[in-house]
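1. Here you go, sequence then predicted model.
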Amino acid sequence: QMGLQVDDVFRMVEMTIFLCILLPISVRWFASKWHAGIHLHRLVNLVYFVDIVRRHSHPHSWILNTPVFALYLFDKHVFTYFYKR
């Protein structure tokens, strides 16, 4: 049986803020503020990586992070294809 602990709630709030608010802002900034957008995008990437490494064996990490990682791979390939620089 899985239950939510304080760390799990913190991680869900943190990832929601980073992935649902800051990530779309960074993508929007790529067109007008490339320098700021790429730094924000890399910050989101770094925080996500640290979260996975910090709790890699926890069941919530596999359940919650796997779909987001798949979306990241999709985003990376779509962005590379459509926005070649």
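-> Alright, I've got the coordinates.
2. What confidence value was assigned to residue 14?
-> Per-residue confidence (pLDDT) for residue 14: 87.
3. and the longest helix for the chain?
-> Using DSSP state H, we find that the single longest helix of the chain is helix 59-82.
4. Quick check: mean pLDDT of that helix?
-> Rounded mean pLDDT across helix 59-82 is 77.
5. Could you do stretch 35-45 as well?
-> Rounded mean pLDDT across stretch 35-45 is 91.
6. What residues sit buried inside that stretch?
-> Buried residues in stretch 35-45, defined by neighbour count with 16 or more other CB atoms under 10 Å: 37, 40-41, 44. (Each C-beta comes from the backbone N, C-alpha and C, glycine too.)
7. Spit out the contact partners of residue 21.
-> By CB atoms under 8 Å, 6 or more residues apart in numbering, no residues touch residue 21.
8. let's go with 10 Å and repeat that
-> residue 44 (CB atoms under 10 Å, 6 or more residues apart in numbering).
9. Distance from the chain centre to the longest helix of the chain, please.
-> 8 Å (CA atoms, centre = their mean, to the nearest Å).
10. Same question for stretch 67-83.
-> That offset, for stretch 67-83, works out to 11 Å (CA atoms, centre = their mean).
11. in that stretch, what counts as buried?
-> Buried residues in stretch 67-83 (16+ other CB under 10 Å): residue 72.
12. now could you export just the CA positions of that stretch as CSV?
-> The C-alpha coordinates for stretch 67-83 follow below in CSV (Å, rounded to 0.1, in the frame of the first residue of the first chain):
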residue,chain,number,x,y,z
PRO,A,67,5.3,10.0,-18.2
VAL,A,68,6.9,13.4,-17.8
PHE,A,69,10.2,11.9,-19.0
ALA,A,70,8.5,10.5,-22.0
LEU,A,71,7.0,13.9,-22.7
TYR,A,72,10.5,15.4,-22.3
LEU,A,73,11.9,13.1,-25.0
PHE,A,74,9.0,13.9,-27.3
ASP,A,75,9.5,17.7,-26.7
LYS,A,76,13.2,17.3,-27.4
HIS,A,77,12.7,15.6,-30.7
VAL,A,78,9.9,17.9,-31.8
PHE,A,79,11.8,21.0,-30.8
THR,A,80,14.9,19.7,-32.6
TYR,A,81,13.0,19.0,-35.8
PHE,A,82,10.9,22.2,-36.0
TYR,A,83,13.4,24.7,-34.5
